[in-house]
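Novice: What would the 3D arrangement of this be:
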Amino acid sequence: MLDSSLMQLMWLASPALPIGGFSYSECLEAAVDTARAATENEACVWLVDQLHMTLARSELPAVAQAIAAWRADDQPRIAELNAWVLQTRESAELRAQTEQMGKSLLEWLKNHTTATPAQIALLAASGQGTPEPTYPIAFALAASATQAPVRECLLAFAFGWAENMMQAAIKAVPLGQSAGQRILSALTAEIPHTVDYALGINDNTRQAFSPMLAILSSQHEVQYSRLFRS
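Specialist: As a prediction, the model looks like this:
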């Protein structure tokens with residue numbers, strides 16, 4: 001992989017990317033509030049399970065398939081994958097998260113990547129009479145422009161998610177920085193084979209089934225006190 005491709009992926013994986021990822025816990029805050037992830041070990045187990053049960057089966061395969069679609073300039077396929085992501089967000093706040101982060105990443109892309117004008121126009125058009133671009137599909141556009149191999153693109157996506165979730169755990173449980181690093185270490189150890197699993201998933205096996213996350217997200221929407229938007 002070219003150095004430029006690697007650096008662009010590192011940039012996309014950075015929690016400093018101005019797309020608002022820091023403001024979401026993806027239901028971890030609700031899990032803490034209901035004593036399901038109230039300690040370092042419980043939060044670690046929760047996030048590892050989420051990596052395997054949601055990202056590996058849903059977001060990561062969608063990103064991989066969307067990268068191929070962007071590189072082939074296959075607009076119907078991009079629209080199909082974007083619609084699937086929206087249809088599988090099981091609460092208002094989870095849908096709002098993927099729409100907001102997708103839109104913010106699209107705005108960033110217009111100024112900070114090598115995405116072609118045609119690619120940007122295709123994604124921008126998805127907000128005109130059709131659903132807004134989701135975060136996995138917008139990330140796939142950014143990753144496709146790096147020319148990096150798909151596996152490396154998924155590693156970057158997963159690591160960016162892991163860093164954001166680790167930071168959410170530090171704030172929500174709460175935990176110290178050392179505990180956060182132990183959680184990130186555990187997640188990082190699981191990411192490579194999670195990505196390999198995701199690469200073997202097709203349209204018939206891609207799925208989004210995490211009922212407890214959906215329940216907690218619905219509860220989080222009316223939670224009395226909270227730090228995060230999801």
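
Novice: For whichever strand or helix holds Leu141, what is the distance to the chain centroid?
Specialist: For Leu141, the element it lies in under DSSP states H and E is helix 135-146. Its chain's C-alpha centre and that of helix 135-146 lie 11 Å apart, by C-alpha atoms, centre = their mean, to the nearest Å.

Novice: Counting by contacts, list what that helix packs against.
Specialist: helix 3-13, helix 60-71, helix 75-87, helix 92-112, helix 117-125, helix 150-172 (3 or more C-beta pairs under 8 Å, 6 or more residues apart in numbering; DSSP states H and E). For glycine as for every other residue, the C-beta is placed from the backbone atoms N, C-alpha and C.

Novice: Pull the residues that contact that helix.
Specialist: Contacts with helix 135-146, where a contact means C-beta atoms under 8 Å, 6 or more residues apart in numbering, come from 4-5, 8-9, 12, 19, 59, 62-64, 66-67, 69-71, 78, 81-82, 85, 97-98, 101-103, 105-106, 109, 113-116, 119-120, 123, 153, 156-157.

Novice: Ala168 against Leu28, yeah?
Specialist: Yes: with contact defined as C-beta atoms under 8 Å, Ala168 reaches Leu28; the gap is 5.2 Å.

Novice: Find residues that contact each of these two.
Specialist: Phe228.

Novice: quick one: low-confidence parts of this structure?
Specialist: Counting by pLDDT under 70, the chain contains low-confidence residues at 113-131.

Novice: one step back: deepest of the helices and strands packed on helix 135-146, which one?
Specialist: helix 60-71 (a mean of 24; mean count of other C-beta atoms under 10 Å).

Novice: Please state the offset of that one from the chain centre?
Specialist: 13 Å.

Novice: Stretch 138-149 now?
Specialist: The answer for stretch 138-149 is 14 Å, by C-alpha atoms, centre = their mean.

Novice: for it, which positions count as buried?
Specialist: Within stretch 138-149, the residues scored as buried using 16 or more other C-beta atoms under 10 Å are Ala138, Phe139, Ala140, Leu141, Ala142, Ala143, Ser144, Ala145, Thr146, Ala148.

Novice: From Val63, how far off is the third one?
Specialist: Between Ala140 and Val63 the distance is 5 Å, computed by C-beta to C-beta, to the nearest Å.

Novice: Next, show the common contact partners of the two.
Specialist: Cys153.

Novice: Now do His193: how many residues are near it, please.
Specialist: 11 (other C-beta atoms under 10 Å).

Novice: tell me the phi and psi of it?
Specialist: Dihedral pair for His193: phi -80, psi -20, per degrees, to the nearest 10.

Novice: Likewise for Asp203?
Specialist: Torsion angles, degrees, to the nearest 10, at Asp203: phi -60, psi -30.

Novice: which residue packs closest to it, ignoring adjacent ones?
Specialist: Gln65 (7.7 Å; C-beta to C-beta, 6 or more residues apart in numbering).
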